[in-house]
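In: sequence? don't have it. structure:
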Ligand SMILES: NC(=O)c1ccc[n+]([C@@H]2O[C@H](COP(=O)([O-])OP(=O)(O)OC[C@H]3O[C@@H](n4cnc5c(N)ncnc54)[C@H](O)[C@@H]3O)[C@@H](O)[C@H]2O)c1
Ligand SMILES: O=C(O)[C@H]1O[C@H](OP(=O)(O)OP(=O)(O)OC[C@H]2O[C@@H](n3ccc(=O)[nH]c3=O)[C@H](O)[C@@H]2O)[C@H](O)[C@@H](O)[C@@H]1O
């Protein structure tokens, strides 16, 4: 821990980080690594603490005193400004970020991703504090290629689909496609942060994650989340596998995604935290362009990997098609393809992802099986008995 230096060889001073949304998936991994590998202090803000409980208790933990949990809803709590003032850096992760909510709870989605982030930006700007804000790859929306004729050779040209921070447009669907309420709110908060930087000198970094996945992502419906809840795809498919039921492919599972292992992605955030001179004023894509699959291919791979780690034989028909209207309701729409351009993060921070899709699914599904298989079995036998 001693003798940490930044990318330019300068010693890194211990800092205090106000982490908002610290109790979520990404926050829990960030806190874990900050506690075990650095001398930094975390003021962890969230409404939930279950995913970081192992870092808060017992008090005999080696980092005791370097992490404090503040149960605060940032919508309406005057303690927020004090915590931001106490910190050197604020990392804002708080958001509604599950697609099932975007078209069914569009107001909550817009408030959470734009309105509720406003005071965070304001307090950082007014108090001269650095901000790392979590946006999303969804701000790119659809690729330009998606609007070309099916048989156009330009569809194969990276210029029409690789998503670049400084060159790609943000292409969303019509307003009645409320799926885009999230992306649009995130885009506007990015523009506001950028403007605070330009007009008032706010020191900021914006992160655009591209499908980060791994242990502790979302919840398994009926086990550690609502039975009717719809988490993101990793947890949806994990839930299907744990229950031995077919994986649901929305509109045929033709959409493409690049998945990155949470532990690779956290390395990138660490570099941003500890190299302000290289990270300030930048927007960074953080993803793994080598791990591209269609959702259908993801389902097939997860089925194979789960069979390996659980020892269970896969179903004869492992997937089933479902329409997006049936699965998500009215107003759903989708991003067609998401390949991050890595030029800027490479140039500024020298970072590259490492883990292949197969390897990251193997460690993640091993975790899902160990954590949930028994609880799911018990819940299913209770339902059958009733
Ligand atoms: N996981 C990904 O791949 C991914 C991709 C793109 C963008 N992001 C962005 O990264 C951030 C974190 O994502 P995540 O995957 O960890 O999500 P998450 O839902 O696991 O974590 C978000 C946390 O914020 C907390 N929160 C929400 N509203 C709050 C409020 N009003 N007050 C206090 N706490 C509040 C939630 O309780 C939750 O613990 C989000 O801004 C999301 O939009 C994540
Ligand atoms: O992770 C990201 O980078 C961003 O993208 C996600 O959006 P998306 O990738 O569409 O969300 P998932 O729930 O992970 O779905 C991925 C794809 O799988 C499909 N899907 C999902 C669940 C399911 O059971 N079956 C299924 O086919 C969806 O329709 C979509 O095409 C979420 O918006 C955010 O968490 C985040 O900002």
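Out: Great, that's in hand. Here the structure is a predicted model, which means the values were calculated and not measured. Numbering: from 1, shown residues only. Ligands and ions are numbered 1, 2, ... in the order given.
In: drop to CA atoms for contacts and neighbour counts, all remaining ones
Out: Will do.
In: And residue 44, how far from ligand 2?
Out: 21 Å (Cα to the nearest ligand atom, to the nearest Å).
In: please renumber so the chain begins at 11
Out: New numbering, starting at 11: the last item is residue 54.
In: What is the neighbour count of that residue?
Out: 25 (other Cα atoms under 10 Å).
In: count of residues packed around the nearest residue to residue 145 once chain neighbours are set aside?
Out: Nearest non-adjacent residue to residue 145, counting by Cα to Cα, 6 or more residues apart in numbering: residue 218, 5.1 Å away. When neighbours are counted by other Cα under 10 Å, residue 218 registers 22.
In: Could you list every helix and strand in contact with the helix or strand hosting residue 218?
Out: According to DSSP states H and E, residue 218 maps onto strand 214-219. Judged by 3 or more Cα pairs under 8 Å, 6 or more residues apart in numbering; DSSP states H and E, strand 214-219 is in contact with strand 140-144, helix 190-210, strand 292-296.
In: between these, which gets nearest to ligand 2?
Out: Relative to ligand 2, the nearest member of these by Cα to the nearest ligand atom is helix 190-210, separated by 7.4 Å.
In: Would you mind getting the angle between that closest one and strand 214-219?
Out: The directions of helix 190-210 and strand 214-219 differ by 160 degrees, with axes from the mean of the first three to the mean of the last three Cα atoms, to 10 degrees as the criterion.
In: rewinding a little: gap between the next helix or strand after the strand holding residue 218 and the chain center?
Out: Where DSSP H and E defines the elements, the next helix or strand beyond strand 214-219 is strand 222-223. A distance of 6 Å separates the centroid of the chain from that of strand 222-223, by Cα atoms, centre = their mean, to the nearest Å.
In: Roughly how far does the spatially most central residue of the chain sit from ligand 1?
Out: With distances taken as Cα atoms, centre = their mean, residue 222 lies nearest the centre of the chain, 5.3 Å away. With the distance defined as Cα to the nearest ligand atom, residue 222 ends up 4 Å from ligand 1.
In: so that residue bridges to which residues?
Out: residue 270 (DSSP bridges).
In: next one: residue 296
Out: residue 219.
In: Would you mind confirming that it is in contact with residue 218?
Out: Yes. The criterion here is Cα atoms under 8 Å, and residue 296 meets it with residue 218 at 6.0 Å.
In: Give me the mean pLDDT for stretch 84-92.
Out: Stretch 84-92 shows a mean pLDDT of 96 in the predicted model.
In: ditto for stretch 299-311
Out: 98.
In: returning to that earlier point: nearest to residue 334, of the helices and strands packed on strand 214-219?
Out: With Cα to Cα as the criterion, residue 334 lies closest to helix 190-210 of these, at 14.7 Å.
In: I would like the residues contacting the closest one, please.
Out: 107, 112-113, 116, 119-120, 123-124, 127-128, 131, 135, 145-146, 148-149, 151, 182-183, 212-214, 216, 291, 343 (Cα atoms under 8 Å, 6 or more residues apart in numbering).
In: is it anywhere near ligand 2?
Out: No. Using Cα under 6 Å from any ligand atom, helix 190-210 never reaches ligand 2; the gap is at least 7.4 Å.
In: So which bits of the stretch 161-310 of the chain are right by ligand 2?
Out: Counting by Cα under 6 Å from any ligand atom, the stretch 161-310 of the chain sits next to ligand 2 at 219-222, 242-243, 246-247, 258-260, 263, 265, 305.
In: Name the nearest residue to residue 332, sequence neighbours excluded.
Out: In space, residue 332 is closest to residue 260, 5.1 Å off (Cα to Cα, 6+ apart).
In: Actually, residue 183.
Out: Closest to residue 183 by Cα to Cα, 6+ apart is residue 190, at 6.8 Å.
In: ok, back up a step: got the contact list for the residue nearest to residue 332?
Out: Residue 260 touches 331, 332, 333, 334, 337, counting by Cα under 8 Å, 6+ apart.
In: All set now, cheers.
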